[in-house]
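>>> any chance you could fold what I've pasted below:
(chains A and B)
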There are 2 protein chains.
Amino acid sequence: MALNQVENQVQNKRVVVIVGGVGGVKLALGLQMILPPEQLTVIVNTGDDFWHYGLRVCPDIDTVLYTLGGRVDPVNGWGLTDDTHIVLGALREYGEEGWFGLGDKDIATHMLRTHLLREGHTLTQVIAYLAKQQGVRPTVLPMTNDPVATIVDTEEYGELGFQTYFVRYRWQPTVRGLRYEGAEQATLSPEVSQAIEQADMILFGPSNPWMSIAPIMAVPGMRDALLARDVPRVAVTPIVGGQALKGPAAKLMAELGYDVSAAHVAEYYGPLITGFVYDKSDPHISLPGLSTIAFDTIMRVDADKERLAREIVHWVEGYNE
Amino acid sequence: MALNQVENQVQNKRVVVIVGGVGGVKLALGLQMILPPEQLTVIVNTGDDFWHYGLRVCPDIDTVLYTLGGRVDPVNGWGLTDDTHIVLGALREYGEEGWFGLGDKDIATHMLRTHLLREGHTLTQVIAYLAKQQGVRPTVLPMTNDPVATIVDTEEYGELGFQTYFVRYRWQPTVRGLRYEGAEQATLSPEVSQAIEQADMILFGPSNPWMSIAPIMAVPGMRDALLARDVPRVAVTPIVGGQALKGPAAKLMAELGYDVSAAHVAEYYGPLITGFVYDKSDPHISLPGLSTIAFDTIMRVDADKERLAREIVHWVEGYNE
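Coordinates of the predicted model:
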């Protein structure tokens, strides 16, 4: 098939990409660069969400919104560019530790979100409004409207809220296990159900499978909804050369007793995926029933994100023939 | 009695001053300048408190804390000096009206207060902590730990929350009446009860009697606790020359059908007070059973506040002989 035929096909395809924060959003941004906004839905982990000084903070969702809206801090990959920290400084003057990096403009996001939630809107409605006000055009959906909290059981401190583990202790404690508090009571939102039902292609971003993807899969009905779809379901490795591209993924794999490799990530996804993208610097991965391909998966600049997104979508279109 | 004898007496007296925000706090600041902190308790209106973008905002309490802590904005008389408005600007960029003047450092106060309230501390405990962290040494007590909301019934808009009336509409709507929502269910805190029981002198600051003092008196048990104390109970006029020193007090008196005069304020206080301080520019006030005195009640600079506080305390000590 000629490339322009593939392009034409892709133009009508609906893509769902499932992500956590900084790692996974790179693929979402690449997809935004190659797809019309009405064809792209980003389903985002909310297991990291927490109440902080009375405000509902959704770190992964904000990273997605700020990134797709072109306002993300380019150095950190989270938070807003050129933000100030006057509120945080004042909290510290009150004797607070101030371990969570709240920017001032970022606080406005948390305040508006909290206000709208307290008014009775669902998180999905609130995020849709925040996206609209930020000029974000693809659909961004929280994994559920219900509160789910990723709890990290550590050797040093016992159980910690995710942000305490991740930000306060800079993911240095040794992880013994993870659980997703509230997941049993959570329900799939109609918006997530519909997006999955209508997807022509389901992608898993290069996010941490245990800390970003697993909380999403813990929402009752999510896994079945995905498995029910006879469309390509493709994950992108967060592990390259036995190292995490970002954050604790490799350290965590080792602590949980896995060999740290892209192949073991593919195994961990198991029947959830029909395809797997690993890095071209890694050995070939061959698993029964799994389509695999090697690309340059390291996304340093926006051009890398666009290229990888295009390569993945075209490859998926091809193996879907 | 010689002045130094009076000074010695005053040094052992416990003073309770009951105030709203900007107007009344001037007297509280004057009292702070002449009394050891352990002798001064400020009981503050919380009828203006409201939830704003998920945060619990207590305008009068913050005005008292910021003023006594020496951090208040000297131009407005509320908010923090040299504060910035980055969060508010970001809220406006989201399309919010941003009618309430939230400074950035001020927001830190609201966030810490909300956090501590959500942790289960009483408002009294939270304010004591905020006072301590700001170096405020007199005791500052909210009128109650329970939520009470002053609701203003206006001709133009019907019922409005106090801040909507006061800040958003700049107290321009015509007031038909006032009610104090939740007051029936509110209870006197042990700290307020004890302060009143131990007071040697109870003062009412030059606050708006209907909008700042009346909500405090609406807390069940407050009025009886005050009336039960056989000590001087003295109010300071907020009306001078038929005008309010600040804010809507005069406009409101007229709208509620009162003649706008200091004498009518004294009448409105009724049996709650045993003494009344009016301005020396106003005609003599004589009411049965009420001690009255004229001072220069206009407090422009800190020296005025100290002078008036000293004059009032010494006068009260004298008529208490």
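
>>> could you list the low-confidence segments of chain A?
A:1-11, A:320-321 (pLDDT under 70).

>>> what does it have sitting close to chain B?
Remark: the part of chain A in contact with chain B comprises A:51-56, A:84, A:86-91, A:93-96, A:104-105, A:107-112, A:114-115, A:117-118, A:130, A:133, using Cβ under 8 Å from any Cβ of the partner chain. From N, CA and C alone the C-beta is placed, and that goes for glycine too.

>>> show me where the stretch 101-250 of chain A has its strands.
Counting by DSSP state E, counting those that start in this stretch, one finds strands in the stretch 101-250 of chain A at the ranges A:139-142, A:149-154, A:158-161, A:175-181, A:201-204, A:233-236, A:239-240, A:243-244.

>>> let me have those in TSV, extended by mean neighbour count.
Putting those into TSV (neighbours: other Cβ atoms under 10 Å in any protein chain shown) gives the following:
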stretch	mean neighbour count
strand A:139-142	24
strand A:149-154	21
strand A:158-161	16
strand A:175-181	17
strand A:201-204	28
strand A:233-236	26
strand A:239-240	23
strand A:243-244	15
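
>>> which one of those lies nearest to residue A:26?
strand A:233-236 (9.4 Å; Cβ to Cβ).

>>> now what about that closest one, what contacts it?
A:27, A:201-206, A:209, A:226, A:265-266, A:269, A:272-277, A:291, A:297, A:308, A:312, A:316 (Cβ atoms under 8 Å, 6 or more residues apart in numbering or on different chains).

>>> one more time with 7 Å
If you take Cβ atoms under 7 Å, 6 or more residues apart in numbering or on different chains as the criterion, strand A:233-236 is touched by A:27, A:202-206, A:226, A:269, A:272-277, A:297, A:312, A:316.

>>> any idea which residue of the stretch 101-250 of chain A lies closest to chain B?
Across the stretch 101-250 of chain A, the shortest distance to chain B (Cβ to the nearest Cβ) belongs to residue A:114, at 2.9 Å.

>>> wait, residue A:78 sits on residue A:23?
No: checked against Cβ atoms under 7 Å, the pair residue A:78 and residue A:23 is beyond contact range at 10.9 Å.

>>> residue A:25 against residue A:19, yeah?
Yes: with contacts counted by Cβ under 7 Å, residue A:25 reaches residue A:19, the gap being 5.7 Å.

>>> give me the common contacts of the two.
residue A:64.

>>> want to throw the strands of the stretch 101-250 of chain A into a markdown table with distance to residue B:215?
Listed next are the strands of the stretch 101-250 of chain A as a markdown table, based on distance: least, Cβ to Cβ, whole Å:
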| stretch | distance to residue B:215 |
| --- | --- |
| strand A:139-142 | 40 |
| strand A:149-154 | 39 |
| strand A:158-161 | 38 |
| strand A:175-181 | 41 |
| strand A:201-204 | 56 |
| strand A:233-236 | 59 |
| strand A:239-240 | 61 |
| strand A:243-244 | 57 |
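
>>> quick one: closest of those strands to residue B:155.
Nearest of the strands of the stretch 101-250 of chain A (Cβ to Cβ): strand A:139-142, 43.8 Å.

>>> sheet-wise, list the partners of the closest one with their directions.
Sheet pairing of strand A:139-142 (DSSP bridges) gives strand A:40-44 (parallel).

>>> contacts only, for the residue nearest to residue A:134 when sequence neighbours are not counted.
Residue nearest to residue A:134 in three dimensions, not counting chain neighbours: residue A:69, with 4.0 Å by Cβ to Cβ, 6 or more residues apart in numbering or on different chains. Neighbour list for residue A:69: A:134-136 [criterion: Cβ under 7 Å, 6+ apart].
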